[in-house]
Each structure stands twice: as structure tokens, then as C-alpha cells.
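Student: sharing a model that was predicted from the sequence below.
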Amino acid sequence: LYQQTKHGTDISFQKVSEVSNQQAMVVDNLGKVWTGTYNGLLCFQSPERNTPLKLEASFVSEADKVFSLNKNVIKSLYKDKPGVIWVGTNGGGVNKFDPERKNFYHYGNNLSVNGSIYKEVRSIFEDSKGDLWVGTEGGGLFLQKAEGDNNSYNNFERFATGGGRVFALEEIIKNDNRYL
């Protein structure tokens, strides 16, 4: 992970982390930088503008802790409009991170259970209506409709099947039509 710094007209890049297997990155509402790796989730914060990022926290799967990350290989990260960090794992489905409690809530990977999601998550996206979409490798596309004023989410619905591979998601709005 490298950070660009600017001093006057001079721009430079500084190595922040030696971790070489970073798969995803997102910035939260507080300006913290989150990176997903093959070995869990890392959180970096800069004490002030133009100072180097410092590792603030790391999160890994701990079998004896219910609210830990459920798998360490992270393939996608997404921050939704309210600021929730969604973590797409390789083998564990989706984890929703509660930054206040530092807990992870799991959206299981058992497709026979209603509301579960396929385990190989590759992309996460929130559309203009606040609905959350999850693309998987081999399980297709999943939708979780936003509910209420605070866009809370309850269960995923399998939207497309057939062993589909969805690695990227984006919304295009043209002539009042939405395309995903």
C-alpha cells in the first residue's frame, strides 16, 4: 500500500504497508482506509493531513469468536451510503462490519437456508435505490433490498442463478431506466 503526499508543489509516494496480497480497498466516513488481504482486514488511519497512514487495527477469523470475520481471504469491500463496511470473502460469503462494536455479522453461505448467499463473493454494490447487490463466482447474483429509512438489510434473494460469475457491478441510468 502506497500513500501520495504533497508538500507545496512536491508530490511523493510513500510505502505504508509491506502487505503484498491486498485484494480490495475502501475509505470509510471517518477517512480510515480499509484493505482486504489474504490474511484478513486491515484498517489504516492518518493522524492528520499529509502524514503517513498507520495501521490502527487488523481483523482475522477466530473460530471461537462468533462476531469475528468468518474467513480471512477478502476479495471485495464496499462502503454503503450509511457508512457500513461490507466485506466479501472467499469461502465465507458476506460479512457486515459494525465499527462501533467492532463486530462482524455473517450472511451465511448455505444456499438451502433462506437469506443466505453463495460463499465466493467477488463484488458488492449499492444501487441508487439503496439496494445491495452481491456478485459471486459460481453462485450468480444476489439482491438485498433496503428496508426502512435507514436502509437496513435483512435477507439476500438469489436474483440470478446458473453458476454465474459476477466480478464487477455498476449501475447505469439512462432515459429513466436502470441497468445493472
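Tutor: Received the coordinates, thanks.
Student: going by C-alpha atoms from here, please, whenever you check contacts or count neighbours.
Tutor: OK.
Student: any stretches of this structure with poor pLDDT?
Tutor: Applying pLDDT under 70 to the chain picks out residues 50, 108-116, 148-154, 160-163.
Student: what helix or strand does Glu18 sit in?
Tutor: Using DSSP states H and E, Glu18 maps to neither a helix nor a strand.
Student: neighbours around the spatially closest residue to Val84 that is not a sequence neighbour, how many?
Tutor: Using Cα to Cα, 6 or more residues apart in numbering and skipping the chain neighbours, the partner closest in space to Val84 is Phe97 (6.5 Å). Using other Cα atoms under 10 Å, Phe97 has 21 neighbouring residues.
Student: quick one: residues contacting Phe97.
Tutor: Residues near Phe97 by Cα atoms under 8 Å, 6 or more residues apart in numbering: Val84, Ile85, Trp86, Val87, Asn103, Phe104, Tyr105.
Student: got the contact list for the fifth one?
Tutor: Going by Cα under 8 Å, 6+ apart, Asn103 touches Phe67, Ser68, Phe97.
Student: at 6 Å what do you get?
Tutor: The contact partners of Asn103, by Cα atoms under 6 Å, 6 or more residues apart in numbering, come to Phe67, Phe97.
Student: likewise for the fourth one?
Tutor: Applying Cα under 6 Å, 6+ apart to Val87 gives the contacts Leu77, Val94, Asn95.
Student: neighbour-wise, which of the residues you listed leads?
Tutor: Of all the contacts of Val87, Val94 has the most neighbours under the rule other Cα under 10 Å, reaching 32 neighbours.
Student: one step back: what about the contacts of Val87, which are in helices?
Tutor: Among those, DSSP state H puts none in helices.
Student: can you redo those residues as JSON lines with distance to Leu55?
Tutor: Output for those, formatted as JSON lines (distance: Cα to Cα, whole Å):
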{"residue": "Leu77", "distance to Leu55": "18"}
{"residue": "Val94", "distance to Leu55": "24"}
{"residue": "Asn95", "distance to Leu55": "21"}
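Student: and which of these is nearest Phe59?
Tutor: Distance to Phe59, by Cα to Cα, is smallest for Asn95 among the contacts of Val87, at 11.9 Å.
Student: measure the closest one to Ser17 for me?
Tutor: Relative to Ser17, Asn95 is positioned 24 Å away (Cα to Cα, to the nearest Å).
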